[in-house]
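Undergrad: Everything below, folded, please.
(chains A and B)
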Amino acid sequence: DTAVSQTPKYLVTQMGNDKSIKCEQNLGHDTMYWYKQDSKKFLKIMFSYNNKELIINETVPNRFSPKSPDKAHLNLHINSLELGDSAVYFCASSQRLGAGDEQYFGPGTRLTVT
Amino acid sequence: GENVEQHPSTLSVQEGDSAVIKCTYSDSASNYFPWYKQELGKRPQLIIDIRSNVGEKKDQRIAVTLNKTAKHFSLHITETQPEDSAVYFCAASIPGNKLVFGAGTILRVKS
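TA: Just a heads-up that it's a prediction; the model follows:
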């Protein structure tokens, strides 16, 4: 069984469009995250939710809006896509936030904005 | 906030040799230090971690050391194999807070 899954795996779209990425975890974890990995491989946290509540909101443009309908799902909606949004977006989950629990990553969504 | 620096950015070793990757962190309150391995096109996966009450931890060919006084920790891989080739990330976490990742080290093991 896949622990953390994301859809779609690849997303190619034009500037100005709006797109969503979905994430689901079946580990029963309380905390979920969105990370952005740029072309230089740097992993940067964007958001963290704990039991559907937004806990961490890094300096991310407000074009990015996460939504957690329940603690097993965390979706990411991006409005007015820009070239600089091209990256791999990883969803992750852990049992608790900041308690030294392993983070389990999804397979990633490669977003290409043309 | 926490800042994690990682060196080197790339590392090439001959198969069978050892590889060492070093990280420093800024916040003395950090108490959890994991290492993640990311193979090409794959997701990051935890390979080993260490907590602040331990100085060294070993798992087969992989070991991690922590020096809290100097605020640095290192990953050691012995008898490297081609399948060790990947990007390795260190990270540090303050209790109740997010993980902060280093910039990553591309390890190439030449056979």
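
Undergrad: Looking at A:Asp1 now. What's its pLDDT?
TA: pLDDT recorded at A:Asp1 is 64.

Undergrad: which of the residues in stretch A:33-44 are buried?
TA: A:33-37, A:41, A:43 (16 or more other Cβ atoms under 10 Å in any protein chain shown). (Glycine included, C-beta is placed from N, CA and C.)

Undergrad: can you give me the end-to-end distance of that stretch?
TA: Stretch A:33-44 stretches 10 Å from its first residue to its last (Cα to Cα, to the nearest Å).

Undergrad: With stretch B:74-82 instead?
TA: End to end - Cα to Cα - stretch B:74-82 spans 21 Å.

Undergrad: do stretch A:94-112 as well
TA: 28 Å.

Undergrad: Out of the buried residues of stretch A:33-44, which one has the lowest pLDDT?
TA: Among the buried residues of stretch A:33-44, A:Lys41 has the lowest pLDDT, at 89.

Undergrad: Now do that one against B:Asn31, distance only.
TA: Applying Cβ to Cβ, to the nearest Å, the value for A:Lys41 to B:Asn31 is 26 Å.

Undergrad: The helix or strand bottoming out on mean pLDDT in chain B pairs with which strands, and in what direction?
TA: Of all helical and strand segments in chain B, the minimum by mean pLDDT, DSSP states H and E falls on strand B:99-101, at a mean of 93. With DSSP bridges as the test, strand B:99-101 is paired with strand B:86-93 (antiparallel).

Undergrad: Provide the contact partners of the strand it pairs with at residue level.
TA: Outside of strand B:86-93, the residues within contact range by Cβ atoms under 8 Å, 6 or more residues apart in numbering or on different chains are A:41, A:43, A:98, A:100, B:2, B:4, B:6, B:21, B:23, B:25, B:27, B:30-40, B:44, B:47, B:73, B:75, B:99-102, B:104-107.

Undergrad: Over to stretch B:1-16?
TA: B:19, B:21-27, B:30, B:79-82, B:89-94, B:97, B:100-111.

Undergrad: Buried among those residues? Need that as a selection in PyMOL.
TA: In PyMOL, selecting the buried portion of the contacts of stretch B:1-16, with burial taken from 16+ other Cβ under 10 Å, looks like this:
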select buried, chain B and resi 19+21+22+23+24+25+27+30+80+89+90+91+92+93+94+97+100+101+102+103+104+105+106+107+109
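
Undergrad: The helix or strand following the least confident helix or strand of chain B pairs with which strands, and in what direction?
TA: Once strand B:99-101 ends, the next helix or strand along the chain (criterion: DSSP states H and E) is strand B:105-110. Strand B:105-110 has the following strand partners under DSSP bridges: strand B:10-14 (parallel), strand B:86-93 (antiparallel).

Undergrad: How many residues are close by A:Cys65?
TA: No Cys there; residue A:65 is Ser. By other Cβ atoms under 10 Å in any protein chain shown, the residues close to A:Ser65 number 13.
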